[in-house]
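Q: Here is the input, now give the coordinates:
(one chain, ligands or ions: 2)
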Amino acid sequence: MPTTRRAPSMSASKCPPQLPRTLLRELLRDPVVAGGHISFSQSEYDGLRGEVAIRAQPVDHIWPLGGMAYQGTLLQIAATMGDLPLAYEMIRLGANINATDQFGRTPLFIAVQAITTLDLFPEEHQPPVPNILPGMGPRSKMVASLLIEQHADVNVILNNETCLTLTMRAKVKQWDLIELLITHGAREDLGTRNGVVQCAEEKERISELLRMRPKKRPPRLCPCFSRRLLADCHGKGPRPFPYHFFCPCQSRSVYAKCCKKRKVSWRDVWNEERRIIEPWRKEMPIYLPLSQDATNIISGIRRVYGTPIPVTEMVRRRTDVPLAVTQLGLPPEMEDRVMLPLCLCTLMRSESVDRAFGFAVAKVVWHVRPLGRKVPKKYAAGLARAFNKHVDDEVRILVWCSLQGL
Ligand SMILES: [Zn+2]
Ligand SMILES: [Zn+2]
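A: Ligands and ions are numbered 1, 2, ... in the order given. Predicted structure coming up:
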């Protein structure tokens, strides 16, 4: 989980939209989209977008919003503001489409909630609250549709509500959205029906939609927004990195004027596990070795499960400079929150794993290892600081215990 930090200064360089130009033109030509919150033209958001676009921060970094209590990833912020171009851009840059915010809401849940909350206010009284611009409802609906078509989870349950129960509860039924949700697999047997008032005609219409729904979820369109299906685009193999996007080498120049000129070739590859598009430098894979302690923990967990230990896989994981940031997550074995503490206990008792390391590793959700210059310095320093704090805490406890003769 990324940590929060202060927003960068307003002087951050202007960030060109990381989207196909035709798509961007089309979006901005739509008066409903153009009349709303457009992060591309606001210096605060532009700075945050820039940090993500050059990959100085992970795309799922949680940002505090100026003057507001809300904190979120840029995709969650896009859903909150009904900022369609920003939602497109973050999906293009590989945002986790189902990341939950401090209230446990996914971007889709946020967008649907915005639509149905607006429904409580008569149109002539809008905008009744700050940050709600005219046309917010239709824009939030566009964001919701994009997220659904990009295969966001349509069955998230929060406080006994689902996206479908929220839309069914609304006074004005958004039938196109209800239909899209059902077509993409929204289940009607989840969440509470308390307060849902439906006339016979509406009930009939919903059961008809449920009856007619396709057996399989409609295929996902490629998140590069080429308008082709994922399976026919990036899902098929690496594609060229767009010339007008920021160069993944973090130079803050566009690819055409940077690595491309120096004959350093970047590709966009599909990461099936995380279901995102990632840049990949063709000729120069970099290996991040695991630390000895982490290797011992993984071996311990694998031993318990009886899974073989492919040494090569454990000691080297292919990565590259910007990819290193996104690959800091825990190795899958260490995400086992039941087995991890058990194995740690045994390993720490036999002194196979350093005690302070073992204590701290159970508290962090990234993969602790030497990073060298493979991730941005500031980012690595932040991680190291947090980890060392856990180590210090443990050392303090150990010292206290020994003073007490325990
Ligand atoms: Zn594609
Ligand atoms: Zn470059």
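Q: Residues contacting stretch 191-200, please?
A: Stretch 191-200 is contacted by residues 157, 160, 161, 162, 164, 165, 168, 169, 206 when judged by C-beta atoms under 8 Å, 6 or more residues apart in numbering. C-beta coordinates here come from the backbone N, C-alpha and C atoms, glycine included.
Q: let's see it at 7 Å
A: Residues from elsewhere that reach stretch 191-200 (C-beta atoms under 7 Å, 6 or more residues apart in numbering): 157, 160, 161, 162, 165, 168, 169.
Q: Can you list the low-confidence ranges for the protein?
A: 1-13, 66-68, 119-134, 195, 197, 282-291, 307-332, 365-379, 406 (pLDDT under 70).
Q: now the strands: where do they sit in the stretch 151-300 of the chain?
A: All strands of the stretch 151-300 of the chain, identified by DSSP state E, counting those that start in this stretch, fall at 239-240, 266-271, 276-281, 286-289.
Q: just to revisit the earlier point, neighbour count and distance to residue 241 for the contacts of stretch 191-200 - can I get that in CSV?
A: Shown next, in CSV, are the contacts of stretch 191-200 (neighbours: other C-beta atoms under 10 Å; distance: C-beta to C-beta, whole Å):
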residue, neighbour count, distance to residue 241
157, 15, 38
160, 11, 44
161, 19, 40
162, 23, 38
165, 21, 42
168, 23, 43
169, 19, 44
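Q: want to try TSV for those, with distance to residue 266 as columns?
A: Listed next are the contacts of stretch 191-200 as TSV, based on distance: C-beta to C-beta, whole Å:
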residue	distance to residue 266
157	40
160	46
161	42
162	40
165	44
168	46
169	47
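Q: Just the closest of those residues to residue 396, please.
A: Closest to residue 396 out of the contacts of stretch 191-200 is residue 157 (40.8 Å), distances taken as C-beta to C-beta.
Q: Check the gap between the residue positioned nearest the centre of the chain and residue 293 for me.
A: Taking C-alpha atoms, centre = their mean, the centroid of the chain lies closest to residue 96, which sits 2.4 Å from it. From residue 96 across to residue 293, the span is 28 Å (C-beta to C-beta, to the nearest Å).
Q: Quick check: closest non-adjacent residue to residue 87.
A: Spatially, and ignoring its direct neighbours in sequence, residue 87 is nearest to residue 78 (4.0 Å; C-beta to C-beta, 6 or more residues apart in numbering).
Q: That neighbour: how many residues sit nearby?
A: Using other C-beta atoms under 10 Å, residue 78 has 29 other residues around it.
Q: How about the contacts made by it?
A: By C-beta under 7 Å, 6+ apart, the neighbours of residue 78 are 86, 87, 90, 143.
Q: out of the strands of the stretch 151-300 of the chain, nearest to residue 107?
A: Closest approach to residue 107 among the strands of the stretch 151-300 of the chain (C-beta to C-beta): strand 276-281, 14.0 Å.
Q: Residue numbers of the stretch 201-350 of the chain in contact with ligand 2?
A: 247, 249, 251, 258, 259 (C-beta under 5 Å from the ion).
Q: rewinding a little: pick the one among the contacts of stretch 191-200 closest to residue 177.
A: Closest to residue 177, out of all of the contacts of stretch 191-200 and judged by C-beta to C-beta, is residue 168, at 10.6 Å.
Q: Now do the contacts for that closest one.
A: 196, 198.
Q: before we move on, back to that, quickly note the distance from the residue nearest to residue 87 to ligand 2.
A: 27 Å (C-beta to the ion, to the nearest Å).
Q: Doesn't that residue lie inside a helix?
A: Yes - assessed with DSSP: H, G, I helix; E, B strand; the rest coil, residue 78 lies in a helix.
Q: I'd like the distance between it and residue 383.
A: The gap separating residue 78 from residue 383 is 26 Å, by C-beta to C-beta.
Q: One more: residue 279?
A: For residue 279, the distance to residue 383 - C-beta to C-beta - is 21 Å.
Q: out of these two, which sits in the more crowded spot?
A: residue 279 (25 against 19).
Q: doesn't residue 248 make contact with the more buried one?
A: Yes - taking contacts as C-beta atoms under 7 Å, residue 279 lies within contact range of residue 248: 4.0 Å.
Q: which element is residue 22 on?
A: Per DSSP states H and E, residue 22 falls inside helix 21-29.
Q: If you count contacts, what does that helix end up packed against?
A: For helix 21-29, the packing partners by 3 or more C-beta pairs under 7 Å, 6 or more residues apart in numbering; DSSP states H and E come out as helix 84-92.
Q: Does residue 111 touch residue 143 like I think?
A: Yes - contact criterion C-beta under 7 Å: residue 111 and residue 143 qualify, at 4.6 Å.
Q: What residues does residue 220 make contact with?
A: 150, 151, 230.
Q: Show me the residues you listed that map onto helices.
A: Counting by DSSP state H, no part of the contacts of residue 220 is found in helices.
Q: Columns distance to residue 199 on top of those residues, output as TSV?
A: Output for the contacts of residue 220, formatted as TSV (distance: C-beta to C-beta, whole Å):
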residue	distance to residue 199
150	33
151	32
230	39
